[in-house]
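Colleague: What follows is a predicted structure for the sequence shown.
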Amino acid sequence: MSEVWTLSLCDWAQAGARVLPLRIEVFVREQGVPEELELDEDDPVSLHAVCEAGGRVIATGRLLPDGHVGRLAVARDWRGRGVGSRVLEALVAEAARRGLDEVVLHAQVQAEAFYLRHGFVPDGGVFEEAGLPHRRMRRALR
């Protein structure tokens with residue numbers, strides 16, 4: 001498997017058809033999120049990170065206009081290789097470029113340590129979202 005990959009930031013018109021298969025694979029098939037919850041009204045207004053290798057999307061995430069990061073997904077065979085970190089940091093850097101004071105996300109509890117390593121701190125207790133335990137986390141940009 002090639003280690004060469006690219007990362008681009010684009011709107012939903014450019015990203016949607018490319019990232020949706022990965023999001024369905026990770027969130028719906030692996031994690032059991034209802035498919036009707038996967039697409040929402042935030043996709044068209046968000047900036048999407050698209051990480052590709054060999055013509056295949058291997059990671060994605062999105063930044064909403066208000067600074068929320070979400071839908072961070074990495075293909076199973078690419079996990080633990082730094083692409084998720086690069087997607088997250090690209091979205092955080094874009095939020096900072098836009099002048100936002102902070103980035104907020106709803107971390108799956110099982111992924112909380114990943115976000116802690118990237119400077120996010122817990123903000124409140126555990127809650128259920130899409131049938132999975134989550135915790136709100138934030139990272140100050142200023």
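Modeller: Sure thing, it's come through.
Colleague: From what I see, residue 65 and residue 45 are in contact.
Modeller: Yes - the criterion here is C-beta atoms under 8 Å, and residue 65 meets it with residue 45 at 5.9 Å. Where you see a C-beta, it was placed from the backbone N, CA and C, and this is true even at glycine.
Colleague: neighbouring contacts of the helix or strand bottoming out on mean pLDDT in the chain?
Modeller: Ranked by mean pLDDT, DSSP states H and E, the weakest helix or strand in the chain is helix 35-38, scoring a mean of 85. Helix 35-38 is contacted from outside by 23-24, 27-28, 130, using C-beta atoms under 8 Å, 6 or more residues apart in numbering.
Colleague: In this structure residue 78 contacts residue 58, no?
Modeller: Yes - between residue 78 and residue 58 there is a contact at 4.5 Å, judged by C-beta under 8 Å.
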